[in-house]
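[1] using only what follows, build the 3D model:
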Amino acid sequence: MTYFRPIPMTDPARPDGGFYLAGGWCWFDRVEVLERGRASQLVPARDIPREARARLTDPRPDFAGLKMDRPRLMGILNVTPDSFSDGGLFLAPEAAQMQARTMAGAGADIIDIGGESTRPGAAEVPEEDEILRTAPVIEALIEGGLRAPISIDTRKGAVAAAALAAGAAIVNDVSAFTFDPALVGVVAKARVPVILMHAKGTPQTMQDDPTYDDVLLDVYDFLSEKVMEAEAAGIPRTKIMVDPGIGFGKTAEHNLTLLRNLSLFHGLGCPVLLGASRKRFIGSIGGEAQADRRVPGSLAVALAGLAQGIQVLRVHDVGETRQALALWQAIYSGGTA
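    As a prediction, the model looks like this:
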């Protein structure tokens, strides 16, 4: 199989042969051609197959009513006692609602609510408990007039169904439909957008010496397969977003390889989400053991994602990321977030 990784650029001086990446703010005029077992080649973008170039250049359709022609922020709301960064802080419904409104006010385009920690080593939460943690919060936020769409961060069909009934608009599945076979049917029936993420193993096992033949191409192939399976189940590609799953069954070097080559995933023809906020490798490289003090490193990774055309950043620190994003856009594209 041949893979095409666009070399993204943000310089305002775009040449005549430069193509806009996914209808967004980056452009490219060269493509790295990758094949397993062979050295890569750099070729002019105009020379790759028309279908492959179309996948890289076609503007992405709106996702949950949000235009994908500019970067979007997804605010993380963990309604859990044991999440790696903020476990227990927003377990109480009132605290969760206040945090959701705070993030929306700070510029979050999406609020991502999860009732089960998927940090390394985390235990599975019973469906009933996960529903009790999430559905009432979602319902209260909708009734309270929250305008940002809500995504439910779950691997389970019953939890997603309850969240959608309460008013959630997106399903965010870190298992890409591999954990609960019922979830794909829930999403297809509800006709809602879905985010499919790559993870190697389960939270209990994913960091037990993860290995790959080629982490970049293996993750790409996994997501390509899951997108096609979702299409076969009745979910159109226009309603699918992909996430390479930074930190989910990856070493620090795996994470860095994916981050260096994020633009490859635009070849799937879907918007791409990057969720690296406060993760362990940021602390390891940046020398910060305390998760909530990894904001500077998280911002550095987020801006690296923007430079590769990533449409959605999933973050804990919405206000800080919004400020960084606004400055980045003002410098590189003359606009603001």
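
[2] which residues of the stretch 101-250 of the chain fall in strands?
    Assigned by DSSP state E, counting those that start in this stretch, the strands in the stretch 101-250 of the chain fall at 110-114, 150-153, 170-173, 194-197, 240-243.

[3] quick check, central residue of the protein?
    Closest to where the C-alpha atoms of the chain average out (Cα atoms, centre = their mean) is Leu273, at 2.5 Å.

[4] buried residues in the lowest-mean-pLDDT helix or strand in the chain?
    Across the helices and strands of the chain, mean confidence by mean pLDDT, DSSP states H and E is lowest for helix 93-106: a mean of 90. Residues of helix 93-106 classed as buried: Ala96, Gln97, Gln99, Ala100, Arg101, Met103, Ala104, Ala106 (neighbour count, 16 or more other Cβ atoms under 10 Å). (Glycine included, C-beta is placed from N, CA and C.)

[5] just stretch 125-141 next, same as before
    125, 127, 130-131, 133-141.

[6] same check, this time on stretch 171-180
    Val171, Asn172, Asp173, Val174, Ser175, Ala176, Phe177, Thr178, Phe179, Asp180.

[7] same question, stretch 39-48
    Quick answer for stretch 39-48 (16+ other Cβ under 10 Å): Ala45, Ile48.

[8] for that stretch, what does the pLDDT average out to?
    Here stretch 39-48 scores 97 as its mean pLDDT.

[9] pLDDT below threshold where in this structure?
    Residues of the chain meeting the criterion pLDDT under 70: 82-88, 90-91, 121, 202, 204-206, 334-337.

[10] break it into its domains for me.
    The chain breaks down by automatic domain parsing into domains covering 1-59, 60-332.

[11] quick one on the thing from earlier: any chance of a markdown table for the strands of the stretch 101-250 of the chain, columns distance to Glu288?
    Compiled in a markdown table, the strands of the stretch 101-250 of the chain are given as follows (distance: least, Cβ to Cβ, whole Å):
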| stretch | distance to Glu288 |
| --- | --- |
| strand 110-114 | 23 |
| strand 150-153 | 25 |
| strand 170-173 | 26 |
| strand 194-197 | 25 |
| strand 240-243 | 24 |
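
[12] of all those strands, which lies closest to Val31?
    Nearest of these to Val31, taken as Cβ to Cβ: strand 240-243 at 19.1 Å.
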